[in-house]
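Engineer: take this sequence and fold it.
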Amino acid sequence: MTDSELKELVASLAVSNAELTVKMRETDEQMKKNAEQMKRTDELMKRTEVLMKENAEQVKKDEAKLARMGFTLGNMANNHGESTEEYFYNSLYDDPRLGTIKFDEITKNIHGKIARLEDEFDIAMYNGNNIALIECKYKAHEKDVMNLIEKKVQNFKQLFPYYANHTFYLGIASFSFYPKLEELAKEKGVAILRQKGEVVEIEADNLKAY
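Structural biologist: Prediction:
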């Protein structure tokens, strides 16, 4: 190897060593950044765990407080349903009617049970050969209307055969309605009963016999 070749080799090795040093420094800096990020992530996870623990403790305290007051999350929902039913029953009691159809009797909380069928009906009104079934919901949904049409009428007829040949009229009573629900009820001929101020407003223009 000539002197010239030796010098070139030494120079090349020096460059390679310098590049390697730069790469190692960059790698070291990246590792430090990764370590800092992992540390921040770990701290965030610890804070999250603390918050979740505090939230769980608060939920337990709230549940205990509700229990002392005689409530559970389940019966709070039931209480909503019962208060809704009571409100509409009391509103209809003195003048039980749907649209132009006047009824003579009104009852609530009707329960029926046979061998393979059991069901409950919120409000029923009777007049001769006519029956009105009214489903009461704190916040009604479209499925409630369809359930009333497709299930409740047939169940009532099976549970109470005496009324099997009566004409049925249906109503959905709720404190909350939305456009699609109203459209479906009107399309299916189901009366809409809602709170308006201190009275009950009844929309039964398209009332259909079932």
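Engineer: pLDDT on the helix or strand harbouring Met24, on average?
Structural biologist: Per DSSP states H and E, Met24 falls inside helix 3-68. Helix 3-68 shows a mean pLDDT of 70 in the predicted model.
Engineer: what does stretch 198-208 give?
Structural biologist: 91.
Engineer: from the middle of its chain, how far away would that stretch be?
Structural biologist: Put simply, stretch 198-208 sits 26 Å off its chain's centre (C-alpha atoms, centre = their mean, to the nearest Å).
Engineer: how about it: buried residues?
Structural biologist: By neighbour count on 16 or more other C-beta atoms under 10 Å, the buried set for stretch 198-208 is 200, 202-204, 207. Just so you know, the C-beta spots here come from the backbone N, C-alpha and C atoms, and that holds for glycine as well.
Engineer: element containing Leu181, please.
Structural biologist: Counting by DSSP H and E, Leu181 is part of helix 179-187.
Engineer: quick one: that helix to chain centroid distance?
Structural biologist: 19 Å.
Engineer: the helix or strand immediately after that helix in the chain versus helix 179-187: what angle between them?
Structural biologist: Note on helix 179-187: by DSSP H and E, the next helix or strand toward the C-terminus is strand 191-196. Interaxial angle of strand 191-196 relative to helix 179-187 (axes from the mean of the first three to the mean of the last three C-alpha atoms, to 10 degrees): 130 degrees.
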